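>>> I need the structure of the sequence given here:
(chains A, B and C)
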Amino acid sequence: MFLKKEFRILYLILFLTAIFLLFYFSLFDKKDFQSRTMIGKEIPNLKAQSLLKNEIVSLKNIVNDEVFIVNIFASWCAPCKIEHPFLVKLNQDKIKIIGINYKDNRKNAKKFLKNYKNPYHEILIDSDGELSINLGAFGVPETFLVDKNFIIIDKKIGPIDDQFVKKATSLK
Amino acid sequence: MASNFANVLLIFSIFFSFLSNLFFFKKKTKLSILFFNVASVVIIISFFVLIYYFCTSNFSISAVYENSHSLKPFIYKLAGTWGNHEGSLLLFILIISLYGLLFNIFYKKKDQFKAWVIFFQNNIFLIFLIFLITTSNPFDMIIPTPKEGLGLNPILQDPLLAIHPPFLYLGYVGFSLTLSLVLAGLLQKELNDQWAMICWPWVMLSWVFLTIGISLGSLWAYYELGWGGYWFWDPVENASLMPWLTSTALIHSLLVLKIKNKMKNWTALLAILTFSFSLLGTFLVRSGILNSVHAFANDPDRGVFILLIISFITAISLIIYILNSHEEGNFKNFFFSKENFLNINNFFLLFFLCVVLIGTIYPIILSIFDETISIGPVYYNSILAPFVFIFLITMSVGPLLKWSNSFKFQNSLTYTLIFLASLIIGFVVIFISKNYDLIFYLGLCSSSLLILIIIFEIFSARKKFTFYILPRLFSHLGVGIFFLSIFLNSYNSTTKNFEIKISEVKKFENLSFKFVKQEIEKIDNYLEMKTKFEIFTDNEVFNLRPTVRRYFQPNQITSETSIKPTLFSNHYLVVNFPDLNSKVLGARYYYNFFIHGIWFGLFLIIFGGVLSVFKKRV
Amino acid sequence: MRNFLLLLFLLMQTTSLADDVMTRSNQITKNLRCLVCDGQSVYESNSNFANDIKKYVKKEVLKKKTDDEIYDFLKKKYGESIMFNPSVSFKSIALWLVPILFFFLGIYFLFRRIRA
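Modelled structure (predicted):
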C-alpha cells in the first residue's frame, strides 16, 4: 500500500524538499564560516607608508573613538570601480574611510583617486600584501566595518552595496 | 534606445511563449507550435544583438562594461558574449529553443506527441527566460555610459576556453529536449521501441556535444593551466561529468528499448535524471556554492532561484513519471544475454555517478556543520580504479552476446586466446615498466582485452560488413585506448619539483635540468620572463622554454607551459616566479607518459558518437 | 687572500642559508590551503593571495619563527580551513560507506532481473 502512486509522490516531495533545504542552507552558510574568522576580534594597529603624505602612519593615530571603515582597493581592480560610489556616499555620511592601497603603483593609484574622487581620510600602502594578511583578507576589494573600540563588526568580500552602507550609517 | 530594443525582443519572446501555451490548452496545436517557433527566433535575434554589442564594445550595456574592453582582440570580444553569467544564460535559453526548432523541422508527423514535446520544451524555455529577465538581464544598461570596460583578464583570453562553454551547453542543455520527449512519451503512454528510435538521434547529439565540451575543458586544463594533468576531480569538472555518466547509461538503456521494447520505466527515469543532473551542474557552478570565497560575481539569491527552478522541473517530471509509468511484465534475462550485460553497464555507470556525486556534494553538506574536507584525486582514484577493470571486461563481452538468449559458446577457442593474450600483454608491460601493482595489471589486461576483441570483431565482420556496428566499434575502441592510456600515464609518469637559479644544474636519476637563459621583457601591460632550459635525459638533450607573465592590469601572474611532444608522450615544464626580488625560480617538470593516447581515445569516442547520430538501422 | 677566502666563505653560507629558507618555506606553504583557489596549496598557486602568503612565510622564516608560530598566526587570521589536513577518518566514513551501500543495492536489483 505504501508503494502506491500517491505515497510515492509524497516521498518524492519530502525527499526533494530535504535536498532543497540542504542546498539552501549551504548557499548562505558556506560563505559565512570561512571568512568570518576576524569578526569580533580587534583590528590590528596597521602601520605603513601613507600614499598621500610622506610619512609612516598607524591606524590608531588616525582614528579615535568613532566607527570607521577600512577598505582594501587598487587602481587595477575592476570591482573597486563598481563599489566606489558607495564609498563616496559613506564619506558624505561622515564615516571615516581608511584605504589600503594593495599592490599598486603610486602614480596609478593617485590617478585613480583623481578620476573617481577620493573618499579616503588616509591611505596606507600595502606593497606586498602584508597588511592584507594581517587583516585576514582574501583579496580586493574587501571592506571592514570597525567600531569605536577597534573591534571588527563586519566585513564584505567583494564590492560593497547598499546593505553594507546602511549598516555602517546605522551604527554611527 | 538600443538596449530597449533588445528588451522589447525579450518581452515579445515571453509573450509568444505564453501564447504557445494558451493555444496548446485550446488544442490548437499548429498555432501552439508556430508561436513557440516565433518565440525561439526572437531569442536568436536577441542573442545576435548581444553579440553585436560585445563586438562593438558598447559599454552602455552593463554586461559589456563589466566583461569586455576595447583593447581585447576581436575574437575574445565575441567570445565574451557568453563568458559572463547573463550572456551565457541567454545562450542557455537559445540552445533550448534551438533544439526545439530542430525537432520541429525533423519530426515530420503532425501528431499529438509532437504537440506535447513542444509544449514541454516551450515551458522549460519560458521558465529560464523569466529567470533571465527578472534576475540576469544581459541588456541592462549602465548610465552614464562608461568610457572603457573592465574586463581585460588575460587568463580568460584563450581559444579553448572560449569555445568550451558553447559545446558544453549544446550538450547538457540539449538534454532538455530529451526530457520533453520522455514526458510526452509518458503522457501518451507511448514509451516503446518506436519512441526510442525517435529519441535516439537527439540524445546522441547532446551526448556528443557534451563529450566534446568535457574533452575541450580537459585539453585546456592540460595545455593552459600548467598543473601537469588533464583531470583534477574538481567540483566544476564533476558537475559536467555527472550528466555525462547518466546520459551514457541512457544511451545503452535506449538500445534495449529500441530493440527489445523492454526497460521502459528505467529508460524514462534515466532521461529525467540526465536533465536533472544537467541542471544540478548549472546550479553548482553558478550559484557560488562551490566557488571559492572570492565568488563576488555570484549571488546567493540567484542561486536560490535556480534551486527552485531545478526542484520544480525535477518534481513535475518525476510526478508525471510516477503517475504514468508503464505496466511492464516481470521479465527476467539470462545472465549471458545482451540485455543483462547492458543492465550491468548501467549499474556500473550509475555506481561511478554515485561516487562522483558524493565526492562533490559531501563538502557542501559538511559546510553546514562548519567543517571542511578536502576530497581530491586520491579518493576518486582509489574507489573507482578497482571497478574500472570489471566494467571494461563486461564492455568487451557484452556486444558478443545475443538478445534474449544465453550465450552459446562458439568461437570459444579464439576468445580464450584473446583473453590469454591480454594477460600476457599485461605481464609484459608490468615487467618492462617495473611497476608491480595489481590495479595497474588489471587495468592493462582489461583495456587490452577490450581493444583486442574489437580488433577481432572488425576482422571477422569484414566479410559481411554491417555498417551499423561501426559507431559502437569506434567508440568502444576509443574507450579501450582511453583507459589503457590512463593507466599507462598514471603509473609511468614522473614529476619533479625543484628550485633553480640561473646557470644552475639540477640532477636527478635519469634526468638533469640546466637553467640556461633568462630574459625579462616589458610588453604592453605585462612583464614577461622568458626562460630557456636544457634538459638531459638518458637518450637525448632538448630545450624547453616556459615563460611567466606578470600583468599590471589586473595584477596577475600567469605561467605558459613549455611542452615537447614525443610520439606518445610529453615533456612538460612550468616555472613559477612569485617574487621579483628573488633569484630563485620554482619549476615543475612532468613527464606525461602516453598522454596522446588519452586524446586519441577521446577522439575515437566522439567520432563513434557522431556516426551514431545518423544511425538509422537497428 | 684571507679576506677573499672569508668573503667566499660568507657567500657560501648565505647561499646554503637561502636554500634552507626556501626548503622550509616551501614545506610550510605546501601545508597551507589557497583559500581563493580550488583545492590548490599555497605553494602550487600563483594567485595574489597565495603569493602574499608565500612572501609572508618567507619573511617569518627569515625571522627564525617556528613552524607552529607561523601556522598559529595564519589560523588566527583565516581559521582552521587554511590548514591542509588530510580527511579526518570519522568524517570520511560516509564517503566510503554510501558508495558501497549503493553498490550492493545495485547488485540486488540486477539479480532480480536474472533468470536462473
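
>>> Go ahead and report the secondary structure state at the residue of chain B most remote from its centre.
Relative to the centre of chain B, and counting by C-alpha atoms, centre = their mean, the farthest-placed residue is residue B:503 at 43.4 Å. The three-state assignment at residue B:503 reads coil, by DSSP: H, G, I helix; E, B strand; the rest coil.

>>> Residue ranges in the stretch 251-400 of chain B under the pLDDT threshold?
B:288, B:290-298, B:370-372 (pLDDT under 70).

>>> For chain B, what is the nearest residue in chain A?
Residue nearest to chain B within chain A: residue A:158 (2.6 Å; C-beta to the nearest C-beta). In short, each C-beta sits where N, CA and C put it, glycine included.

>>> What about that residue, how many residues nearby?
For residue A:158, the tally of surrounding residues (other C-beta atoms under 10 Å in any protein chain shown) stands at 21.

>>> Then residue B:113?
18.

>>> pLDDT at residue B:472, what is it?
Predicted confidence (pLDDT) for residue B:472: 93.

>>> what does residue A:23 give?
pLDDT, residue A:23: 88.

>>> Equivalent analysis for residue B:235, please.
85.

>>> That one: neighbour count?
22.

>>> thinking it is in contact with residue B:283, fair?
No. The criterion here is C-beta atoms under 8 Å, and residue B:235 misses it with residue B:283 at 11.8 Å.

>>> Contacts only, for residue B:348.
B:387, B:390-391, B:394 (C-beta atoms under 8 Å, 6 or more residues apart in numbering or on different chains).

>>> does it count as helix, strand or coil?
Residue B:348 is classified as helix under three-state DSSP.

>>> ok, it to chain A distance?
According to C-beta to the nearest C-beta, to the nearest Å, residue B:348 stands 24 Å off from chain A.

>>> swap in residue B:55?
Taking C-beta to the nearest C-beta, one finds residue B:55 at 20 Å from chain A.

>>> before we move on, what about residue B:212?
29 Å.

>>> Please apply the same query to residue B:463.
Taking C-beta to the nearest C-beta, one finds residue B:463 at 52 Å from chain A.

>>> Same check on residue C:21?
Taking C-beta to the nearest C-beta, one finds residue C:21 at 16 Å from chain A.

>>> before we move on, what about residue B:317?
10 Å.

>>> by contact count, what packs against the strand or helix carrying that residue?
Using DSSP states H and E, residue B:317 maps to helix B:300-324. Judged by 3 or more C-beta pairs under 8 Å, 6 or more residues apart in numbering or on different chains; DSSP states H and E, helix B:300-324 is in contact with helix A:5-35, helix B:112-135, helix B:175-187, helix B:264-286.

>>> How is residue C:99 assigned, secondary-structure-wise?
Per three-state DSSP, residue C:99 ends up helix.

>>> And the strands in chain C, which stretches?
Listed in chain order, chain C contains no strands at all (DSSP state E).

>>> Show me the residue sitting in the middle of it in space.
residue C:31 (2.1 Å).

>>> contacting residues for the closest residue to chain B within chain C?
Here the residue of chain C nearest chain B is residue C:115; by C-beta to the nearest C-beta that distance is 3.9 Å. Applying C-beta under 8 Å, 6+ apart, we find residue C:115 in contact with B:332-335.

>>> can you tell me which two in these are farthest apart?
B:332 and B:335 (10.0 Å; C-beta to C-beta).

>>> joint contacts of those two?
By C-beta under 8 Å, 6+ apart, the residues touching both residue B:332 and residue B:335 are C:114-115.

>>> follow-up on the earlier one: list buried residues within the contacts of residue B:348.
Using 16 or more other C-beta atoms under 10 Å in any protein chain shown as the burial test, the contacts of residue B:348 include B:391, B:394 as buried.

>>> wait, which of the contacts of residue B:348 is closest to chain C?
Closest to chain C, out of all of those and judged by C-beta to the nearest C-beta, is residue B:387, at 8.3 Å.

>>> Could you measure from the closest one over to residue A:50?
Distance of residue B:387 to residue A:50, computed by C-beta to C-beta, to the nearest Å: 63 Å.

>>> what does residue B:125 give?
Taking C-beta to C-beta, one finds residue B:125 at 57 Å from residue A:50.

>>> near chain B, which residues of chain A show up?
Counting by C-beta under 8 Å from any C-beta of the partner chain, chain A comes close to chain B at A:5, A:8-9, A:12-13, A:16, A:19-20, A:22-31, A:33-35, A:74, A:76-79, A:81-82, A:103-105, A:138-139, A:157-159.

>>> Next up, the contacts around the residue of chain C found nearest chain A.
Chain C approaches chain A most closely through residue C:52 (2.9 Å), counting by C-beta to the nearest C-beta. When contacts are counted by C-beta under 8 Å, 6+ apart, residue C:52 touches A:128-130, A:132-133.

>>> possible to save the contacts of residue C:115 as a markdown table with distance to chain C?
Converted to a markdown table, the contacts of residue C:115 look like this (distance: C-beta to the nearest C-beta, whole Å):
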| residue | distance to chain C |
| --- | --- |
| B:332 | 4 |
| B:333 | 6 |
| B:334 | 5 |
| B:335 | 5 |
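
>>> re the thing from before, could you flag which of the residues of chain A next to chain B are buried?
Counted by 16+ other C-beta under 10 Å, these give A:8, A:12, A:16, A:19-20, A:23-24, A:26-27, A:29-31, A:33-35, A:74, A:76-79, A:81-82, A:103-105, A:138-139, A:157-159 as buried.

>>> Stretch B:250-266 and chain A, any residue contact?
No. Contact of stretch B:250-266 with chain A is not found when judged by C-beta under 8 Å from any C-beta; the minimum separation is 12.3 Å.

>>> Please state the offset of that stretch from the chain centre?
Centre-to-centre, stretch B:250-266 and its host chain are 24 Å apart (C-alpha atoms, centre = their mean, to the nearest Å).

>>> What's the local residue count around residue 136?
Going with chain A. If we define neighbours as other C-beta under 10 Å, then residue A:136 has 24 of them.

>>> Wait, chain B was what I had in mind.
By other C-beta under 10 Å, neighbour count at residue B:136 equals 22.

>>> how about the CA coordinates for stretch B:270-280, as PDB?
Written as PDB, here are the backbone C-alpha positions of stretch B:270-280 (Å, rounded to 0.1, in the frame of the first residue of the first chain):
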ATOM      1  CA  LEU B 270      17.400   7.900 -16.700                       C
ATOM      2  CA  ALA B 271      16.300  10.500 -19.100                       C
ATOM      3  CA  ILE B 272      14.700  12.600 -16.300                       C
ATOM      4  CA  LEU B 273      17.800  12.100 -14.200                       C
ATOM      5  CA  THR B 274      20.100  13.200 -17.000                       C
ATOM      6  CA  PHE B 275      18.400  16.600 -17.400                       C
ATOM      7  CA  SER B 276      18.200  17.000 -13.600                       C
ATOM      8  CA  PHE B 277      21.900  16.400 -13.300                       C
ATOM      9  CA  SER B 278      22.500  18.900 -16.100                       C
ATOM     10  CA  LEU B 279      20.500  21.500 -14.100                       C
ATOM     11  CA  LEU B 280      22.300  20.500 -10.900                       C
END
